[in-house]
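> give me a model of this one.
(one chain, ligands or ions: 1)
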Amino acid sequence: MSETAGKPERRPRVFSGIQPSGTMHLGNYLGAIRNWVAMQETHDCVYCAVDLHAITVRQKRAELRRGTIDLVNLMLASGVDPDRSIVIVQSHVPQHSELAWILNTITYMGELRRMTQFKDKTAGAEGESIGVGLFDYPVLMAADILLYRADAVPVGEDQKQHVELTRDLAERFNNAFGKTFVVPEPIIRGKGARVMSLDDPTKKMSKSGGSEAGYIAIMDTPDVIRRKVKRAVTDSGTEVRPGPDKPALSNLLDIYSSLSGDTVDHLVERYSGKGYAQFKADLGEVIVAALEPIQERIRELEADKDATLKVLARGAEMATSVAERTMTRVRERVGLVPRPE
Ligand code: TYM
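Down below sits the predicted model:
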């Protein structure tokens, strides 16, 4: 570690999270986890399974538990390295909820009502039976990020608005109570930032809503992957090229390019005059090849459950010490009496 005036230089910090609800899919991998892995080279990272976010929609107890461990295994299998990064389950560090409460006191109803994801999830029906947790969801997300004084937040395009709210809340708190929080930047990588559904390229690939044919699950078998790609909707015509008139092909080319490293231009050239069938057959193989090593590593991790729990125990301990330092400062700034020793 390089030193400045005897003080170790602070590497910029990253925080990001994924909900452990439903099936993890290629969108989560390309939009988030793959960038998480890369950012470990340059940043100190905290990566989180956000179980308290997941329960804003009713979950089955056994599925949530399993999904949480599965998600942590996916992070580890994809290359998140617990010797370099802090890996946690959100509910293991109660400071997340505590900070969310304090941030609630400076958040406006109007700004939460404007959140696109809230509007989508409630289909505009802000009625009697919409849970307060769903409405308040972005404030907990802001707390996640601000607690670790993160500089950067790698997310897919759909989370950008939530990171912008986080920036507003950080600034508002700093103005009201004195500089406490770092104002974070969203990091959205162009390619893979918005993977669309295979059966409807106007919708994002998603685990909630949408049919199974629309997404590639990380644990899909090679045959299922090949079949889903083969059946993916295409646009009219036969040319393999992107464009506003070709939303389906644009998406498939983006996935291909993200996984193989070929540029889209190069792919267009390679498939010129070859038609959709060949392109889709090859894309199926590219996805299979990318996911197979991850699947294998997940199976190894599943065979050694204690190893994953140890990672989480160590992560919770390290995260708590950072989080508690921030909270001590926050409580003091707000005027809460420190708990007597
Ligand atoms: P979640 O669980 O819906 O998604 C996790 C990550 O995957 C990205 N993603 C996609 N990227 C590209 N194409 C898609 N089709 C696609 N679907 C999902 C998301 O953008 C996200 O980066 N609120 C967050 C979780 C969260 C969080 C945080 C994120 C809670 N606290 C703090 C960052 C920082 C969510 O629901 O993501």
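> hang on, Val233 in a strand?
No. According to DSSP: H, G, I helix; E, B strand; the rest coil, Val233 belongs to no strand; its state is coil.
> for the ligand, see how far away it is.
16 Å (CB to the nearest ligand atom, to the nearest Å). Placement of C-beta: from N, CA and C, glycine included.
> show the pLDDT at that residue.
At Val233, the model reports a pLDDT of 94.
> what is the burial count for it?
Per other CB atoms under 10 Å, the neighbour tally for Val233 reads 16.
> hmm, Leu198 and it touching each other?
Yes. Taking CB atoms under 8 Å as the definition, Val233 is a contact partner of Leu198 at 7.0 Å.
> enumerate the residues of the chain near the ligand.
Residues of the chain lying close to the ligand by CB under 6 Å from any ligand atom are 15-19, 27-28, 30-32, 50, 53, 141, 144-145, 153, 155-156, 158-159, 162, 193-195, 204-205.
> narrow these to those in strands?
15-18, 153 (DSSP state E).
> would you confirm that Val72 contacts Leu312?
Yes. The pair Val72 / Leu312 is scored as a contact, 6.5 Å apart, by CB under 8 Å.
> re earlier: need the ones in strands among the residues of the chain next to the ligand in JSON lines (columns: distance to Pro82, pLDDT and neighbour count).
Compiled in JSON lines, those are given as follows (distance: CB to CB, whole Å; pLDDT from 0 to 100; neighbours: other CB atoms under 10 Å):
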{"residue": "Phe15", "distance to Pro82": "16", "pLDDT": "98", "neighbour count": "26"}
{"residue": "Ser16", "distance to Pro82": "15", "pLDDT": "98", "neighbour count": "24"}
{"residue": "Gly17", "distance to Pro82": "16", "pLDDT": "98", "neighbour count": "26"}
{"residue": "Ile18", "distance to Pro82": "16", "pLDDT": "97", "neighbour count": "22"}
{"residue": "Val153", "distance to Pro82": "20", "pLDDT": "97", "neighbour count": "24"}
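> make TSV from these and add distance to Pro184 to it.
TSV is the format used below for those (distance: CB to CB, whole Å):
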residue	distance to Pro184
Phe15	8
Ser16	10
Gly17	13
Ile18	17
Val153	5
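> out of these, the closest to Ser97 would be?
Gly17 (13.9 Å; CB to CB).
> helices and strands around the helix or strand harbouring Asp282, which ones?
Per DSSP states H and E, Asp282 falls inside helix 275-302. Where contact means 3 or more CB pairs under 8 Å, 6 or more residues apart in numbering; DSSP states H and E, helix 275-302 is packed against helix 61-78, helix 222-231, helix 247-260.
> tell me the angle the shortest one makes with helix 247-260.
Yep, that's helix 222-231 we're talking about. Helix 222-231 and helix 247-260 meet at an angle of 140 degrees, taking axes from the mean of the first three to the mean of the last three CA atoms, to 10 degrees as the criterion.
> stretch 42-59: which residues count as buried?
43-56, 59 (16 or more other CB atoms under 10 Å).
> now do stretch 292-312
For stretch 292-312, using 16+ other CB under 10 Å, the buried residues are 294-295, 297-298, 301, 308, 311-312.
> from the chain's centroid, how far away is that stretch?
Relative to the centre of its chain, stretch 292-312 is centred 20 Å away, using CA atoms, centre = their mean, to the nearest Å.
> do the same with stretch 275-286
28 Å.
> list the buried ones in that stretch?
For stretch 275-286, by 16+ other CB under 10 Å, it's 276, 279-280, 282-284, 286.
> pLDDT of it, averaged?
96.
> i'd like the first residue to be 54 from this point on
With the count now opening at 54, the last piece we talked about shows up as stretch 328-339.
> helix or strand next in line after the helix holding Asp335, which one?
Next along the chain after helix 328-355, with elements defined by DSSP H and E, is helix 358-387.
> tell me what that next one is packed against?
Packing partners of helix 358-387 (3+ CB pairs under 8 Å, 6+ apart): helix 114-131, strand 139-142, helix 148-157, helix 185-200.
> could those go into TSV alongside mean pLDDT, mean neighbour count and distance to Glu322?
Shown next, in TSV, are the helices and strands packed on helix 358-387 (pLDDT from 0 to 100; neighbours: other CB atoms under 10 Å; distance: least, CB to CB, whole Å):
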stretch	mean pLDDT	mean neighbour count	distance to Glu322
helix 114-131	97	19	30
strand 139-142	98	24	41
helix 148-157	98	19	48
helix 185-200	97	22	41
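> just put those in JSON lines and tack on distance to Val293.
JSON lines is the format used below for the helices and strands packed on helix 358-387 (distance: least, CB to CB, whole Å):
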{"stretch": "helix 114-131", "distance to Val293": "29"}
{"stretch": "strand 139-142", "distance to Val293": "39"}
{"stretch": "helix 148-157", "distance to Val293": "45"}
{"stretch": "helix 185-200", "distance to Val293": "38"}
